[in-house]
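Colleague: 3D, please:
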Amino acid sequence: MYYTTLETYKKKYQHRSLTHAYSAKTKEEHEVWKKSLRDRLWEITGMNKCVYCEPDAQYLRTDCVNELIAEYWVIKTEPEIEMPFYLLRPEQQNPDCKQKKHPILIVPHGHGGGKESTIQSQTKFIRDALEDGFLLVCPDERGSGDRREFPEQGDEPEKIRMNSHRELLQVCIGFGQSVIGMAVWDLMRLADYLLALSESNGFLACAGMSGGGQQTVWFSAMDDRVKAAITSGYFYGFKESLIELPQNCACNFIPHMFETADMGELGALIAPRPFFVESGEKDGLNGKSGLNNVTTQLDVTRKAYHIFNENAYPIHSIHSGGHQWVGTGMRTFLIKAMEKE
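Modeller: Residues are numbered from 1 along each chain as shown. Now for the predicted structure:
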């Protein structure tokens, strides 16, 4: 017989009252709620502990990844913290783009690799985006890719697929910080740098799968400069997908989050900007009720979009597979989002 604890927390979550549950009925109420929730998330994720610095961007080399030319750059996101990223220029797919200003698309990676894995696993989407004129950026999240900590460092395939999120969380939580808070801070600093480039036209989008979807949702929820957001394999209620699946990566867990808001509220922070959610029918991360654990959260998000009469969003694209990026409709979504601006 085992005397366990987690069952109690499942019940506790079921009967909790969220401090920032979405209840706005007007645009004015939405803006008050939005500021209050963002302020709270800024605090509980530990983003308020991060330290600003100038990016001091450094170009290091050019690599060829899946027959695409990728420039390897590094910026500082905190005084002693560096973030490497690949920058892919659109003229390699569309020569007419040369000498023009470009929209920017950040594609954060998921678990199982770093920036290289993004290009390798989402090649068609990336080629399409380059052809459509996007300046495309694939960064490494803290604890992944070239930012892994010991003992996950190494060039062996099994090491490359690993991350150091558990180690990061176990240390940073003692300082009042979280992995996703640091990731969003880094993406904000990356956006500072990219939007200041002379070749930027000011339009910024973000798209990611799984852990990349997580970064996309959180970044877009916290920063209005993201004009369009795409998440695949990351949009579901916290109870079924995190509390009942606590073996999920440590990057998902934030002190006081389960008392503050659910996924639907994060989506509502993105309103009224274009938002695209892709889900797999057989994705086990959706939780035991499957797509119902996705749609109930999207219903909360849609309340915010209805207030702004943006009833076309969020778009929910469902495929018959599991935890995977399919991409149907995403190219059209991004083009329409640019036209909307």
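Colleague: got any ranges where the stretch 151-300 of the chain has weak pLDDT?
Modeller: Applying pLDDT under 70 to the stretch 151-300 of the chain flags no residue at all.
Colleague: Would you map the strands across it?
Modeller: According to DSSP state E, counting those that start in this stretch, the stretch 151-300 of the chain carries its strands in the segments 200-209, 226-232, 275-280.
Colleague: how about these in TSV, adding distance to Val294 and mean neighbour count?
Modeller: Any C-beta I mention is one placed from the backbone N, CA and C, and that applies to glycine too. Formatted as TSV, these follow (distance: least, Cβ to Cβ, whole Å; neighbours: other Cβ atoms under 10 Å):
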stretch	distance to Val294	mean neighbour count
strand 200-209	15	23
strand 226-232	11	26
strand 275-280	5	26
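Colleague: how about TSV for these, with distance to Ser17 added?
Modeller: Supplementary listing: these in TSV, determined by distance: least, Cβ to Cβ, whole Å:
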stretch	distance to Ser17
strand 200-209	31
strand 226-232	27
strand 275-280	26
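Colleague: Nearest to Ser241, out of those?
Modeller: Comparing those against Ser241 with Cβ to Cβ, the closest turns out to be strand 275-280 (11.7 Å).
Colleague: what separates that closest one from the chain centre, distance-wise?
Modeller: Here strand 275-280 is found 13 Å from its chain centre; the criterion is Cα atoms, centre = their mean, to the nearest Å.
Colleague: other SSEs contacting that strand?
Modeller: Other elements packing on strand 275-280 under the criterion 3 or more Cβ pairs under 8 Å, 6 or more residues apart in numbering; DSSP states H and E are strand 226-232, helix 292-307, strand 315-319, helix 330-340.
Colleague: Out of those, which gets nearest to Gly145?
Modeller: Gly145 lies closest to strand 226-232 among the helices and strands packed on strand 275-280, at 19.2 Å (Cβ to Cβ).
Colleague: Quick one: name whatever helix or strand follows that closest one.
Modeller: helix 238 (DSSP states H and E).
Colleague: and the helices and strands packed on strand 275-280, which is most packed in?
Modeller: The highest mean neighbour count among the helices and strands packed on strand 275-280, using mean count of other Cβ atoms under 10 Å, belongs to strand 226-232: a mean of 26.
Colleague: Just name whatever secondary elements that strand is in contact with.
Modeller: strand 200-209, helix 211-222, strand 275-280, helix 330-340.
Colleague: picking up where we left off before, and the helices and strands packed on strand 275-280 as CSV, adding distance to Met188?
Modeller: Formatted as CSV, the helices and strands packed on strand 275-280 follow (distance: least, Cβ to Cβ, whole Å):
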stretch, distance to Met188
strand 226-232, 10
helix 292-307, 22
strand 315-319, 25
helix 330-340, 20
